[in-house]
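K.L.:
3D model of this:
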Amino acid sequence: MPFTGSTENVLQQVNQFWAMLDDLSENDPAAYRKLIEKQMKERAEFSSPPVLHSCVRTQMLEPKTGLLYINICSWKCVPAPQDLSSPLSVCAGNLETGTDENQGWFAVLDLALNPAVLQESNADKTDINKVYVLALSFAQQQHGMRLSQEYNVVNCSPKSSPGDLHHRLGFQTQPNTSTQTETASQTPGALLRQISSLRSVKQDEVSTSQIISKPTEHIKKDLIQVISTAFVEPQKPEYQMEVKTDTVGVPCSMELTVELPKVRSMSECQLRVSKEDVLLEVDEVYYLLLDWPNTVNEDTASAIFNKKKRRLRLKVDVL
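P.N.:
Numbering: from 1, shown residues only. Below you'll find the model as predicted:
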């Protein structure tokens, strides 16, 4: 529920909304629960991460020769077009480059669209090809590239792990502080804060979107219209990874120490540990994605943050 107008009108609207929630929770608990569950479902949809749909590969001719990979992603937080004549909303990630022993220099670009757009395009091969052509046109105009007119669809691109995609697209994991059952018993005041938090998340996500025109039969010179906001690249913090071995020299555990001088509390950190890698994020401040030298047991991971030294220490056993 948006609150608009003067300060006095906004306060009046908030009080009316608060009174409505109070009345609903007391007189119609079922409707109150339904309202909360609807908010939680909506929040879960907007908090879900982007998912790789397909990958297009083409030859880059300028400003540097090499291969360009464009990951087409499905992401619920990207708005769907209202009708066929409406602009198509796309969230574009940062362009990442690298080198490979076999293929040489390459670049990776991620473009996320609303799932409904991709589902509709999947039904018609011509439509999905239009999406691919539009993606290539976007790369040329947005990044000043000259690309080959030929392309092919491949299984995946280099650096296409979920962590890589999330980082380049600016996706931040939202902490799950309560279950739906717990949420259903919240007070009206707590629900109001939940709705406000959800609206803030939506606004942050929409601000990263870029708008491009709907695919047409012919690609025109002025096809792509971009609205973008500046993205602050997080720093890669200093770290040290140590492999602990047993008496016979067999690796038994990993210890990762990360220096975080700009962090005051562990609550600012988002940490994900898997068997293959570890991801540490501090929103717009730090980003660290590392592969483990050995496969680990993520269930044994434990992390301690030293507030005085501003240092995070993570320990995990090797499988």
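K.L.:
ok, which stretches of the protein are helices?
P.N.:
With DSSP state H, the ranges of helices along the chain come out as 7-27, 29-47, 115-122, 125-143, 162-169, 180-183, 188-207.
K.L.:
pLDDT of the fourth one, averaged?
P.N.:
Per-residue pLDDT over helix 125-143 has a mean of 81.
K.L.:
got a list of contacts for the longest strand along the chain?
P.N.:
Using DSSP state E, we find that the single longest strand of the chain is strand 51-62. The contact list for strand 51-62, computed with Cβ atoms under 8 Å, 6 or more residues apart in numbering, reads 65-75, 107, 118, 128, 132, 135-136, 145-148, 150-157, 160, 165. Heads up, the C-betas are built off the backbone N, CA and C, glycines and all.
K.L.:
Partner strands of it and their direction?
P.N.:
strand 66-74 (antiparallel), strand 146-154 (antiparallel) (DSSP bridges).
K.L.:
Flag every buried residue along it.
P.N.:
For strand 51-62, a neighbour-count test (16 or more other Cβ atoms under 10 Å) marks L52, H53, S54, C55, V56, R57, T58, M60 as buried.
K.L.:
What is the nearest of those residues to T257?
P.N.:
L52 (32.2 Å; Cβ to Cβ).
K.L.:
what pairs with that closest one across the strands?
P.N.:
Here L52, judged by DSSP bridges, has bridge partners C73.
K.L.:
What's the separation between it and P162?
P.N.:
From L52 over to P162 the distance is 8 Å, taken as Cβ to Cβ, to the nearest Å.
K.L.:
for Q16, same thing?
P.N.:
For Q16 relative to P162 (Cβ to Cβ), the value is 43 Å.
K.L.:
Show me which of these two is the more surrounded one.
P.N.:
Neighbours per residue (other Cβ atoms under 10 Å) separate Q16 from P162, with P162 holding more: 15 against 12.
K.L.:
The more buried one and S48 touch, don't they?
P.N.:
No - using Cβ atoms under 8 Å, P162 makes no contact with S48, being 11.9 Å away.
K.L.:
can you tell me which residues contact V282?
P.N.:
P234, L260, K262, V263, E268, C269, Q270.
K.L.:
Please repeat the previous calculation with a cut-off of 10 Å.
P.N.:
234-235, 237, 258, 260, 262-263, 268-271, 288, 312 (Cβ atoms under 10 Å, 6 or more residues apart in numbering).
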